[in-house]
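> Whatever this is, show me its structure:
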Amino acid sequence: MLPRWSNVLHRVTTAGPYVNERLSSLVLTSVIVAGIAAVAYADRSVTSLPLASLYFLPLALSALVLPLRISIALSIVCLALHDLLSPVRDTGIRHFAGDAATLLEYVFVVIVVNQLAAQRRRLADLAAKQRDELAAEIYLAAEVQQSILPRSIPAVPGFEFAARMCPTRIVAGDYYGFIQLANGEVAVVIGDVSGKGVAAGLLMPSIEVALRMDAPRFPRTSDLLHAFNNVVQQITAGRRFITLFYGKLCPQSRSLEYTNAGHNPPLLIRAGAETCKLDQGGPVLGVLPDTEYRNDVVALCHRDVLVLYTDGVVEAESPAGEEYSAARLAAHVRSHLQESAEKLIESIHASVTQFRGAAPQADDMTLVVLKAL
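Model prediction:
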């Protein structure tokens, strides 16, 4: 019952819509009638002064929630009650003139409040229409963004891939992708646009197109990100930056050449060895023009696991405010090295969700796992 009464109170104070229209209309009508009855009782009891002005309160409420014709009828009822019950009376022409003035005041207040309520409803309807249009555009933007994400995971002999993105909002600022290159090589990309929501998400399609066009032209990952940094700066005009990890997998040599542009260092985890962080590269993209980037090459041995992630994974907080951290991510993967890439993705996601508990997801979470077989 409590939610219904809260809806009634909301309608009384804002003239907003009901969840249960019939119940709320009945209650509000009862409030108006009770208000008129209370004023009438006071009008009868007080002998020292007329209380006709107190009828403005229930009449204003009626004009807010009831049709205009009913409120005008209630104005006549209120005037009749005042004439009938008030012990303070005038007579003759003065009485009729006073009644006419009072009725005009009642009707004036009723009309003004009714028009204000109508205007508010029109504005509420307009706002609702604009909200629905904006929501439709956001969903369209989400569809565009989803269309640039890989529709399938590449099949590379000797390796397994898996990926998952969990946006905080409808449109995410994260990106991941796989680009088929010459000689059977496959580029693995993960990135994060500064900011959240639609503004960040809408930047990704143009970035993805530019990256796919430039990737085949540069044999070294560092040269690619050197050129791509200038492209990002032109697209964003320096107002946003992008963190990006670009790795090029060569199945024949079982090696990964990579350049890291300010992104969370992917973790290369192998049994019996310390976790290796792939952090060679340079600063984020889109800030400094003509920035030089470095590249590095790592060998991928049997059962090695490479985990690429965005900050929404390692910065997820527990209810106590503790971060999940890259160290906890590495420890979890190390304890599940026997699992497939897809199972690892599911296991990591479950681990982060359990760690976060009831706390809401604060940032987009994206994971890409590469496992050497």
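> my read: Leu203 touches Ile235, true?
Yes: if you go by C-beta atoms under 8 Å, Leu203 and Ile235 touch, sitting 7.2 Å apart. Quick note: C-beta positions are derived from backbone N, CA and C, even for glycine.
> Specify which residue of these two has the higher count of neighbours.
Ranked by neighbour count (other C-beta atoms under 10 Å), Leu203 and Ile235 place Leu203 first, with 22 against 16.
> quick one: the more buried one and Ile242, what's the gap?
8 Å (C-beta to C-beta, to the nearest Å).
> what touches both of those two?
Common neighbours of Leu203 and Ile242 (criterion: C-beta atoms under 8 Å, 6 or more residues apart in numbering): 193, 236.
> Quick check: Ser152 is in a strand.
No: Ser152 sits outside any strand when classified using DSSP: H, G, I helix; E, B strand; the rest coil, being coil.
> And it, its phi and psi?
Dihedral pair for Ser152: phi -150, psi 160, per degrees, to the nearest 10.
> so how far is Ala163 from it?
From Ser152 to Ala163 the distance is 10 Å (C-beta to C-beta).
> out of those two, which sits in the busier spot?
Ala163 (21 against 7).
> For that one, what is the enclosing helix or strand?
Ala163 belongs to strand 159-166 when assigned by DSSP states H and E.
> Now that strand: average pLDDT?
Across strand 159-166, pLDDT averages out at 89.
> Now do the following helix or strand past it: which elements does it pack against?
Remark: after strand 159-166, the chain's next helix or strand is strand 174-180, criterion DSSP H and E. On a contact count with 3 or more C-beta pairs under 8 Å, 6 or more residues apart in numbering; DSSP states H and E, strand 174-180 meets strand 159-166, strand 186-193, helix 197-214, strand 365-372.
> tell me the contacts of Thr366?
163-166, 172, 174-176, 190, 192, 309-310, 312-313.
> repeat that with 6 Å
Neighbouring residues of Thr366 by C-beta atoms under 6 Å, 6 or more residues apart in numbering: 165, 174, 176, 310.
> which residues of the protein fall in strands?
All strands of the chain, identified by DSSP state E, fall at 159-166, 174-180, 186-193, 242-250, 255-261, 267-269, 276-277, 281-282, 296-299, 305-309, 365-372.
> Tabulate those in CSV, adding columns for distance to Leu123.
Output for the strands of the chain, formatted as CSV (distance: least, C-beta to C-beta, whole Å):
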stretch, distance to Leu123
strand 159-166, 37
strand 174-180, 37
strand 186-193, 35
strand 242-250, 39
strand 255-261, 47
strand 267-269, 53
strand 276-277, 54
strand 281-282, 51
strand 296-299, 59
strand 305-309, 45
strand 365-372, 38
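> looking at these, which one has the lowest mean pLDDT?
When those are compared by mean pLDDT, strand 174-180 comes last with a mean of 85.
> hang on, the earlier thing: tabulate the helices and strands packed on strand 174-180 (a markdown table), appending distance to Phe355.
Formatted as a markdown table, the helices and strands packed on strand 174-180 follow (distance: least, C-beta to C-beta, whole Å):
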| stretch | distance to Phe355 |
| --- | --- |
| strand 159-166 | 14 |
| strand 186-193 | 20 |
| helix 197-214 | 24 |
| strand 365-372 | 12 |
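> Go through those and name the closest to Gly282.
Ranking those by their distance to Gly282 (criterion: C-beta to C-beta) puts strand 186-193 first, at 14.3 Å.
> Could you report the separation of the residue nearest to Val77 when sequence neighbours are not counted from Ile76?
Once flanking residues are discounted, Val77 sits nearest to Ile36: 7.2 Å by C-beta to C-beta, 6 or more residues apart in numbering. Ile36 is 12 Å from Ile76, where distance means C-beta to C-beta.
> Of the two, give the one with the bigger neighbour count.
Just comparing Ile36 and Ile76: by other C-beta under 10 Å the higher neighbour count belongs to Ile36, 21 against 12.
> quick one: pLDDT of that one?
82.
> does it really touch Pro58, like I thought?
Yes: at 4.7 Å, Ile36 and Pro58 qualify as touching, with contact defined as C-beta atoms under 6 Å.
> Could you list the low-confidence segments of the stretch 101-250 of the chain?
For the stretch 101-250 of the chain, applying pLDDT under 70 flags the ranges 134-150, 169-172, 195-202, 238.
> thinking again about what came up before, and Gln119, which of the strands of the chain is closest to it?
Nearest of those (C-beta to C-beta): strand 186-193, 40.9 Å.
> Give me the angle between that closest one and strand 255-261.
20 degrees (axes from the mean of the first three to the mean of the last three C-alpha atoms, to 10 degrees).
> List the contacts of strand 186-193.
154, 156, 173-179, 181, 200, 203, 215, 242-249, 308, 310, 368.
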